[in-house]
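1. have a look at this prediction, sequence included:
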Amino acid sequence: MPPKPRPHGRAKPPAPGKGAGDKRLLVGLAAAGLAVLVAVGIGIAVAFGGSSNADAASALQAAGCTLTTKPALRGVHSVTTPTGTSPLWNTNPPTSGPHYEIPAIWGAYTQPLNLAQLVHNLEHGGIYILYGPRVPDSTVAQLRSFYDDHTRGTILAPLPSLGNRIALGAWTTESASDPTNGTAHLAKCSAFGQDAFAAFFDEFQFRGPERFPANTLLPGRN
């Protein structure tokens, strides 16, 4: 007698023990895939500075700092002497706009520098850390330690007009191919905050209207 046809829509039952093994295999593969995704995510976060890239303002606010952003002024070499200034500067200290044709040498200083030169450093993608004469020596030591970990494209120097405050300055553009449309960033803090300063650097450094390679912005060079 021929075998009876199997009803449509009913799956053939698995062989004893086979279904459980397949299930364990699928669970293992899913776990492995999740581990890969987590590892990739961690790698991306490390490579691009973690969440601080999108949260500098929050980190600075949490540290008691103020962050001012202004449309960047056009960068021209219209300040004719190193000690000169420009009436067009729209932040104090300046963070974009007219400047002297030769930037300051990258490094850490114990004497004030010319602001017209520092603006040129920002145009190249650098950041300055400036501090007033009433900032405690212990805080200046913290700033120097932070600088030592961020020497490329960074200038550390005193600025008498800041009093008891610290200033971080940067000049950024969305694209290196559009250097005329940018933003000037100025943070002022009453104390050093590791996370806040790191967030500022992660988000704004090496994004100037003139994108000089980071490995060329070395201490002792300009």
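-> Sure thing, it's come through.

2. G125 contacts F201, doesn't it?
-> No - at 11.5 Å, G125 does not count as touching F201 under the criterion of C-beta atoms under 8 Å. Every residue, glycine included, has its C-beta placed from N, CA and C.

3. higher neighbour count, these two?
-> Shown here are G125 and F201; by other C-beta atoms under 10 Å, G125 has more neighbours (26 against 22).

4. what sits against that one?
-> Counting by C-beta atoms under 8 Å, 6 or more residues apart in numbering, G125 touches G153, Q205, F206, R207, G208, E210, R211, F212, A214, L217.

5. quick one, helices of the chain?
-> Under the criterion DSSP state H, the chain carries helices at the ranges 18-47, 56-62, 115-123, 137-148, 194-204.

6. in this structure H124 contacts L217, no?
-> Yes - H124 is within contact range of L217, at 6.6 Å (criterion: C-beta under 8 Å).

7. can you list residues touching both of these two?
-> G153.

8. between the two, which is the more surrounded one?
-> Per other C-beta under 10 Å, whichever of H124 and L217 has more neighbours is L217, with 23 against 20.

9. if we ignore the residues flanking it in sequence, what's nearest that one?
-> G153 (3.8 Å; C-beta to C-beta, 6 or more residues apart in numbering).

10. okay, now the one you found: neighbour count?
-> The local packing of G153 (other C-beta under 10 Å) involves 26 other residues.

11. now N92
-> Neighbours of N92 (other C-beta under 10 Å): 13.

12. swap in G75?
-> G75: 21 neighbours (other C-beta under 10 Å).

13. close enough to count as contact, it and L122?
-> No - assessed by C-beta under 8 Å, G75 is found out of contact with L122, at 9.1 Å.

14. doesn't G126 make contact with T154?
-> Yes - between T154 and G126 there is a contact under C-beta under 8 Å: 6.4 Å.

15. please say which of those two ends up with more neighbours.
-> G126 (27 against 22).

16. what's near enough to touch that one?
-> When contacts are counted by C-beta under 8 Å, 6+ apart, G126 touches W106, G153, T154, I155, A170, Q205, G208, L217.

17. swap in T173?
-> Counted by C-beta under 8 Å, 6+ apart, T173 has contacts A72, P179, N181, G182, T183, R207, G208, P209.

18. just the CA trace of stretch 110-128, in CSV.
-> Extracted C-alpha coordinates of stretch 110-128, given in CSV (Å, rounded to 0.1, in the frame of the first residue of the first chain):
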residue,chain,number,x,y,z
THR,A,110,55.7,82.0,30.7
GLN,A,111,55.4,85.4,29.0
PRO,A,112,52.4,86.8,27.1
LEU,A,113,52.3,86.4,23.3
ASN,A,114,51.0,88.6,20.5
LEU,A,115,47.3,88.0,20.0
ALA,A,116,47.5,88.9,16.3
GLN,A,117,49.9,85.9,15.9
LEU,A,118,47.8,83.6,18.0
VAL,A,119,44.8,84.1,15.7
HIS,A,120,47.0,82.8,12.9
ASN,A,121,47.7,79.7,14.9
LEU,A,122,44.0,79.1,15.3
GLU,A,123,43.5,79.5,11.5
HIS,A,124,45.9,76.5,11.1
GLY,A,125,43.7,74.4,13.3
GLY,A,126,45.4,74.9,16.7
ILE,A,127,44.0,75.8,20.1
TYR,A,128,45.4,78.2,22.6
